[in-house]
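Engineer: Return atomic coordinates for the entry below.
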Amino acid sequence: MSTRSLVSEAAARLREAGVASPEYDAAELLAFVTGSSRLHLSEPTEEQRARYDDLVTRRAGREPLQHLTGTATFRYRDLVVGPGVFVPRPETEVMVGWILDQLAGVPNPLVVDLCTGSGAIAGAIATERPDSTVHAVELSSEAALWARRNLEGTGVALHEGDIDGCLPELDGQVDAVVSNPPYIPLTAWESVTAEVRDHDPALALWSGDDGLDEIKVVAATAARLLKPGGWFACEHADVQGESAPAVFTATTLFTEVRDQHDLANRPRFTTGRRI
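Structural biologist: The predicted structure is shown next:
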């Protein structure tokens, strides 16, 4: 069987299993197995074919692609990911770009990433703004193990613990707070894809009946950490385009609170400034 036929057959299996991007995933898995690239696939050996078949079967069982390859790309960096840590999504890259734009005129910015997970956001900011000082906070010890690997050499200070009450020594000094917190309502269980529901850690997903429990903690923490005029950006579900901004507005401690859309024009993150 030719390489093209092999990928086509695998893609058909993935499509039947309900995988959202069957052609892409089938090619990515073969590239991973053969050590080539998705656009320039190498002919697999018999041993590699057997391994490929096993990985396709696991992907058809809805194991995340990133868990099978052990990596995820976020902005300009490749991250290591696996069980116990939330797999970063492309949508979050837009929020990081937004916060970097706001910091463009701020020399040596001090930034805090709340609920850092894999360290994707903190690592991106530290890499793209090498003059910045970045702190990342993560409650899960499992996720922190992945974050520590991904943040090695970036200069980011990783803190294990709850974001509520974190970093009191930075109160009123921070230029930007950014967060991708848990925000899925418990009532939305059935609508969440199998890859997320069955493989991303529950601590990174669920946040009360309306999904706003942790966003409220982010709002309170951002209000405490930010200096006057400091920026925040907080990701949320696409159905929270009104309710998430309302959390920040209700504190009466922020101005310019508005919601921002992702590249698919869906409500994706709330932004604003400390009064």
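
Engineer: rest of the way, CA atoms for contacts and neighbours
Structural biologist: Fine.

Engineer: Give me the domain ranges for the chain.
Structural biologist: 3-61, 75-274 (automatic domain parsing).

Engineer: Can you name the residues that contact residue 224?
Structural biologist: 171-172 (Cα atoms under 8 Å, 6 or more residues apart in numbering).

Engineer: Please identify the most buried of the domains of the chain.
Structural biologist: Of all these, domain 75-274 has the most neighbours on average by mean count of other Cα atoms under 10 Å, namely a mean of 19.

Engineer: of the domains of the chain, which approaches residue 69 most closely?
Structural biologist: For the domains of the chain, proximity to residue 69 was assessed by Cα to Cα; domain 3-61 is nearest, at 6.6 Å.

Engineer: what about the closest residue to residue 203 other than its chain neighbours, distance to residue 229?
Structural biologist: In space, not counting the residues next to it along the chain, residue 203 is nearest to residue 182; the distance is 7.1 Å by Cα to Cα, 6 or more residues apart in numbering. Look at residue 182 and residue 229: by Cα to Cα, to the nearest Å, they are 26 Å apart.

Engineer: hang on, the earlier thing: could you look up the SS state of the residue nearest to residue 203?
Structural biologist: coil (DSSP: H, G, I helix; E, B strand; the rest coil).

Engineer: Residue 23 belongs to a strand?
Structural biologist: No. According to three-state DSSP, residue 23 belongs to no strand; its state is helix.

Engineer: Not including adjacent chain positions, what is the nearest residue to it?
Structural biologist: In space, residue 23 comes closest to residue 11 once its chain neighbours are excluded; the distance is 5.0 Å by Cα to Cα, 6+ apart.

Engineer: I'd like to check which residues are in contact with the one you found.
Structural biologist: Applying Cα under 8 Å, 6+ apart, the residues contacting residue 11 are 22-23, 25-26.

Engineer: quick one: the residue nearest to residue 203 from residue 222, how far?
Structural biologist: Going from residue 182 to residue 222 by Cα to Cα gives 16 Å.

Engineer: Over to residue 186?
Structural biologist: 24 Å.

Engineer: Now tell me what touches the helix or strand hosting residue 143 from outside.
Structural biologist: Following DSSP states H and E, one finds residue 143 within helix 141-151. Under the criterion Cα under 8 Å, 6+ apart, residues 79-81, 84-86, 116-120, 122-123, 138, 158, 160 lie in contact with helix 141-151.

Engineer: if we go to 6 Å?
Structural biologist: Here helix 141-151 makes contact (Cα atoms under 6 Å, 6 or more residues apart in numbering) with 79, 84-85, 117-119, 123.

Engineer: that older thread, using a markdown table, lay out the contacts of residue 11 together with distance to residue 238 and pLDDT.
Structural biologist: Shown next, in a markdown table, are the contacts of residue 11 (distance: Cα to Cα, whole Å; pLDDT from 0 to 100):
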| residue | distance to residue 238 | pLDDT |
| --- | --- | --- |
| 22 | 24 | 97 |
| 23 | 26 | 97 |
| 25 | 25 | 97 |
| 26 | 28 | 97 |
